[in-house]
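Q: Give me a model of this one.
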Amino acid sequence: MGCYPNPNLVGGLVVQVVRGSLQDMVPKAIMHFLVNTLSAGIEQHLIRLMFREEFFAELLAEPGELAKKRQRAQQTITALKVSVK
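A: Residues are numbered from 1 along each chain as shown. This next block holds a predicted model:
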């Protein structure tokens, strides 16, 4: 006598495994697509808000302290070039 698996038992087990796998994957897939779509939409919206033309001057403005540091650095470079000659 051999040990043969019952086809009904094996088929039922496969169906249970597949059903469980699908029940686990479907909500994850839905959430994945919802989150990615929402994330892309919010990112595009925020970029549009941030880069309006009326804000360009403010975004590109150099802070006063930084301008002073840049001018001092340019003066230092000029003085070093003069001293090397």
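Q: after the lowest-mean-pLDDT helix or strand in the chain, next one along is what?
A: Ranking every helix and strand in the chain by mean pLDDT, DSSP states H and E puts helix 56-60 at the bottom, with a mean of 81. With elements assigned by DSSP states H and E, the helix or strand that comes after helix 56-60 is helix 64-84.
Q: who does the lengthiest helix in the chain touch, helix- and strand-wise?
A: Criterion DSSP state H: the longest helix present in the chain is helix 7-50. Using 3 or more CB pairs under 8 Å, 6 or more residues apart in numbering; DSSP states H and E as the contact test, no helix or strand touches helix 7-50. For the C-beta atoms, the positions are set from N, CA and C on the backbone; glycine is no exception.
Q: quick one: the least confident helix or strand of the chain to chain centroid distance?
A: 25 Å (CA atoms, centre = their mean, to the nearest Å).
Q: okay, now G12: neighbour count?
A: Residues lying near G12 (other CB atoms under 10 Å) number 11.
Q: per-residue pLDDT, it?
A: G12 is assigned a pLDDT of 74 by the prediction.
Q: likewise N8?
A: On the pLDDT scale, N8 is placed at 66.
Q: Equivalent analysis for G20, please.
A: Looking at G20, its pLDDT stands at 88.
Q: likewise the one 5 residues further on?
A: At M25 the predicted local confidence, pLDDT, stands at 93.
Q: One more: the one 10 residues further on?
A: Reading off the per-residue confidence, V35 sits at a pLDDT of 92.
Q: And for the one 4 residues further on?
A: Listed pLDDT for S39 reads 92.
Q: What is the neighbour count of it?
A: Applying other CB under 10 Å, we find 10 residues neighbouring S39.
Q: Kindly report the same for V18.
A: Neighbours around V18, by other CB under 10 Å: 10.
Q: ok, now Q74?
A: Q74 has 10 neighbours, counted by other CB under 10 Å.
Q: roughly how far apart are it and G20?
A: For Q74, the distance to G20 equals 70 Å [CB to CB, to the nearest Å].
Q: List the buried residues for stretch 23-32?
A: Judged by neighbour count (16 or more other CB atoms under 10 Å), stretch 23-32 contains no buried residues.
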